[in-house]
Each structure stands twice: as C-alpha cells, then as structure tokens.
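A.B. asks: Model the structure of this input:
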Amino acid sequence: MREKVLVVEDDPAIRETLVYNLGKEGYRVQSVANGVAALEAARATPPDIVVLDLMLPEMDGFDVTRTLRKESNVPILMLTARDDEIDRVLGLELGADDYLTKPFSTRELLARVKAMLRRVRIGKEEAEQQPNENKLIESGNLQIDLTRHEARLDGQVLELKPKEHELMVFFLENRGQVFSRDQLLERVWGWEFSGGSRTVDVHVRWLRSKIEKDPEAPTRIVTVRGVGYRFEG
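C.D. replies: Residues are numbered from 1 along each chain as shown. Purely as a prediction, here's the structure:
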C-alpha cells in the first residue's frame with residue numbers, strides 16, 4: 001500500500017502545492033488547515049509521516065507535536081517561517097524529526113520526506129532481522145528492550161522522545177567509544193538532517209537528566225572536551 005502523508009498547513013497555496021507534488025510522487029495525501037484537525041486526522045487514519053507547519057490557527061505546531069508524541073512515533077517534518085534556532089531546537093526537543101525553513105524548494109521537501117520514510121523502513125527491517133536474544137541491551141541498572149521500544153532505569157520505564165531513545169541505543173551499543181557531534185548527527189539523525197550540532201547537545205542534556213544521578217556531574221554520558229561524547233558503562 002502507498003505510504004500516507006498528512007500535510008498540516010494553513011496557507012492554501014502552499015497546502016495545495018504540497019498535496020499536488022506529494023501526490024505526483026505516488027504518496028496518498030491528506031491535508032488539513034489547523035492543529036486540531038491534524039490530531040483528529042492522525043487519530044482517525046494514522047499517517048506514515050506528518051508535514052507540519054509551525055504557525056497554525058487554534059493549536060500551533062509545537063502543541064501538535066507534543067500531543068502526537070504522546071500517542072505515536074510517526075515521523076514529523078516541521079515547517080517554520082522563522083529561521084530561529086530556538087524554534088528549531090524546541091521543535092526537535094518536543095519530538096520533531098527534522099525541519100525546513102520557509103521558503104523551501106519542493107524538491108528539497110520531497111527529498112526529506114523520502115529520506116525520513118526510508119529510515120523508518122530500514123529501522124523496521126533491522127528490528128525484524130535481529131534475533132530475539134539480542135533485543136535486550138543492559139548497562140548496570142539501565143536496560144533497553146528493543147522489541148518493546150522501551151528503556152528502564154531501576155526497573156522504572158523512562159519517558160523518552162524518539163530521538164532520545166535512538167541516541168540511547170546508539171550509546172549503549174557503542175559504549176566506551178568517543179563520537180563527535182557531527183558523527184552522532186550522521187549516525188542517529190541521518191546525513192540528510194539539516195540541524196546543527198546543538199541538536200546533539202540538547203538531546204544529551206535531556207538524557208542526562210533522566211539517567212544520571214547528578215546531571216551536572218555525569219558519569220555515564222561523559223563529555224570529551226574538544227571532541228564530543230562517550231558513554232561509560
């Protein structure tokens with residue numbers, strides 16, 4: 001079945017352009033003009049990816065992302081008219097997977113959508129191919145169940161955003177190795193991701209707040225000055 005794209009955009013001209021071009025690429029496309037309708041549409045018929053404008057009537061893109069992330073891991077490509085790092089970082093912290101700043105080229109948007117969907121397919125294929133005995137990763141009192149897509153600390157489930165979970169898995173699978181911010185961006189977010197290295201710092205800070213006894217003096221996710229980060233465990 002063709003993959004479904006939910007377009008959430010209040011500008012009629014941009015919305016129609018996106019619907020037309022995504023349809024030409026073979027996707028099933030549903031479009032809505034506000035945040036409330038976006039949530040209703042996502043719940044009624046879950047999409048494979050959401051293209052979400054930041055500035056929306058009734059409920060903005062931040063609130064839509066926050067709500068969607070409580071209910072789904074659907075990839076979210078956020079569109080913003082403001083080239084403001086704070087907006088981009090906040091969107092990523094809330095769970096958006098990538099962003100584009102308006103004005104953008106249709107070709108670039110289509111490439112981002114294609115890349116994000118490809119990463120989801122690859123992730124599912126890799127999970128299905130992994131033998132059952134390799135689906136638990138442990139480090140002391142920290143455990144990740146890859147089958148359930150769940151992380152636990154002292155037996156308690158951690159509330160992790162999708163990229164926090166992916167970063168945690170990567171760290172545990174590569175413990176003891178030092179990675180630069182650019183390497184982490186490439187390995188966890190993908191080479192197509194346009195965000196800067198601050199994205200990594202934000203997610204590391206959030207992970208530390210959840211797994212470190214003292215986030216200000218971390219002993220698990222260690223900063224290697226002038227290089228990047230290393231997971232100890």
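A.B. asks: Point to the residue nearest the middle of this structure.
C.D. replies: For the chain, the residue nearest the mean C-alpha position is residue 97 (3.1 Å; C-alpha atoms, centre = their mean).
A.B. asks: Report the contact partners of that one.
C.D. replies: Residues in contact with residue 97, defined by C-beta atoms under 8 Å, 6 or more residues apart in numbering, are 75-77, 116, 162-163, 189. All C-beta spots, glycine's among them, are computed from the backbone N, C-alpha and C.
A.B. asks: just checking, next helix/strand downstream of the host helix or strand of residue 93?
C.D. replies: Of the helices and strands defined by DSSP states H and E, residue 93 is found in helix 85-94. Once helix 85-94 ends, the next helix or strand along the chain (criterion: DSSP H and E) is strand 98-101.
A.B. asks: In the following helix or strand past that following strand, which residues are buried?
C.D. replies: Next helix or strand after strand 98-101 toward the C-terminus (DSSP H and E): helix 106-129. By neighbour count, with 16 or more other C-beta atoms under 10 Å as the criterion, the buried positions of helix 106-129 are 109-110, 112-113, 115-117, 119-120.
A.B. asks: burial measure for the nearest residue to residue 8 once chain neighbours are set aside, as a count.
C.D. replies: Nearest non-adjacent residue to residue 8, counting by C-beta to C-beta, 6 or more residues apart in numbering: residue 38, 4.2 Å away. As a burial measure, the neighbour count of residue 38 was computed by other C-beta atoms under 10 Å and equals 29.
A.B. asks: The residue nearest to residue 48 when sequence neighbours are not counted: how many residues sit nearby?
C.D. replies: Using C-beta to C-beta, 6+ apart and skipping the chain neighbours, the partner closest in space to residue 48 is residue 3 (4.2 Å). Residue 3 has 18 neighbours, counted by other C-beta under 10 Å.
A.B. asks: Let's see the pLDDT reported for residue 3.
C.D. replies: The pLDDT attached to residue 3 in the predicted structure is 94.
A.B. asks: re earlier: of the buried residues of helix 106-129, closest to residue 175?
C.D. replies: residue 119 (23.2 Å; C-beta to C-beta).
A.B. asks: roughly how far apart are the closest one and residue 225?
C.D. replies: Between residue 119 and residue 225 the distance is 31 Å, computed by C-beta to C-beta, to the nearest Å.
A.B. asks: Perfect, I'm done here.
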